[in-house]
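**Q** quick one, structure for this:
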Amino acid sequence: QVQLVESGGGLMQAGGSLRLSCVASGRTFSNYRMGWFRQAPGKEREFVGAISRSGGSTYYGDSVRGRFRISRDNAKNTVYLQMDSLKPEDTAAYYCAATTSWGTISIPDYRYWGRGTQVTVSS
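**A** Predicted coordinates:
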């Protein structure tokens, strides 16, 4: 089992920045690729981005590419989501998730999930 806890959400004005954190416990964190997803009210959960086990590779969804950046610190069992140039449409609950697969944006491929942290961006 891997337990994931997100933090860092809040209310931000458009154009601002936030950094989300996700701390893992349980099994060896560095064995897992990590992803971030988000879900706005009334919408399906959306892939935001993912990072490899070492942190050397990342990929992002089209809606956030160039504005968001994922990083990880395996010594701290933590993955981060740096969000810049925030837009009102970024408003959502943000979830981190762990997978043993690479290159996937498919929700079922992510076995472990956090409970999410809310990000609200005002215009």
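**Q** not counting its neighbours along the chain, what's nearest Lys76?
**A** In this structure, Lys76 finds its nearest non-sequential neighbour in Val23, 7.6 Å apart by C-beta to C-beta, 6 or more residues apart in numbering. No exception for glycine: its C-beta is placed from N, CA and C like everyone else's.
**Q** the one you found: how many residues sit nearby?
**A** Counted by other C-beta atoms under 10 Å, the residues lying close to Val23 total 16.
**Q** isn't it right up against Tyr80?
**A** No. Val23 is beyond contact range of Tyr80, at 10.3 Å (criterion: C-beta atoms under 8 Å).
**Q** who does the residue nearest to Lys76 bridge with?
**A** For Val23, the beta-bridge partners under DSSP bridges are Val5, Thr78.
**Q** same check, this time on Ser122
**A** Beta bridges link Ser122 to Gln13 when assigned by DSSP bridges.
**Q** measure it to Glu89 for me?
**A** 12 Å (C-beta to C-beta, to the nearest Å).
**Q** same check, this time on Tyr59
**A** If you measure Tyr59 against Glu89 using C-beta to C-beta, the figure is 20 Å.
**Q** neighbour-wise, which of those two wins?
**A** In this view Tyr59 and Glu89 are compared by other C-beta under 10 Å, and Tyr59 has more residues nearby, 16 against 11.
**Q** ok, now which ones touch the nearest residue to that one once chain neighbours are set aside?
**A** Counting by C-beta to C-beta, 6+ apart, Ala50 is the residue found nearest to Tyr59 once chain neighbours are left out, at 5.9 Å. When contacts are counted by C-beta atoms under 8 Å, 6 or more residues apart in numbering, Ala50 touches 33-36, 58-59, 70, 99, 102, 104-105.
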